[in-house]
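[1] pasting the sequence and the predicted coordinates here, then a few questions.
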Amino acid sequence: MAADMLVKLYDLQPNPDLDRRMQAEGVTIRRALVPELQGVCAWIEPRFGAGWASEATAAIMRQPVTCWIAHEGETLLGFACHEATMRGFFGPTGVDENARGRGIGHALLIRTLLDMRDQGYGYAIIGGAGPMGFYEKSVGAIAIPGSSPGIYKDMLPLAAPSGMAD
């Protein structure tokens, strides 16, 4: 199981090059709207599991909403949440398999973490970080020693994402 990771939000900067890339590719990254709850969760569940759809539900029901989405026209490409299961935690996050490699996950990560910083957090915890190298490279995240299995240790198997690559 992956460890938790820590990100210094007070050092995090926007990435204008990545923002321009998303704009040039026609990818919009924005906060989800509450009326999109069922559609977003219906998109998440078959790709990432019921547990992640439940966490996204919690994030979309918060005020302000703490779920960010990426879409191209009317096609949802990915999502990222914070404050879903625990305060100060980033995640879950996922990008459709067919849209990976375009920088969408990186753009969602930065936008969501900047939202956490704007809400007053100095640090973010990435719970059970799967692609640890990605988080290290993208935002300077560091592993938290002894954090595996972390907050998810007693979670029922029915909530675990299926078909995910570590």
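    Cool, got the structure.
[2] tell me which residues of the longest helix seen in the chain come out buried.
    Determined from DSSP state H, the single longest helix within the chain is helix 104-118. Judged by neighbour count (16 or more other C-beta atoms under 10 Å), helix 104-118 contains these buried residues: 104-117. The C-beta positions use only the backbone N, C-alpha and C, and glycine is treated the same way.
[3] what's the answer for stretch 65-83, then?
    Within stretch 65-83, the residues scored as buried using 16+ other C-beta under 10 Å are 65-71, 76-83.
[4] which of these fall in strands?
    Counted as lying in strands by DSSP state E, out of the buried residues of stretch 65-83, are Cys67, Trp68, Ile69, Ala70, His71, Leu76, Leu77, Gly78, Phe79, Ala80, Cys81, His82.
[5] tell me how far the second one lies from Asp154.
    Between Trp68 and Asp154 the computed distance is 28 Å (C-beta to C-beta, to the nearest Å).
[6] tell me where the model's unsure across this structure.
    When residues are selected by pLDDT under 70, those of the chain lie in 1, 158-166.
[7] quick one, helices of it?
    Taking DSSP H as the test, the helices found in the chain are 16-24, 37-48, 50-61, 104-118, 132-139.
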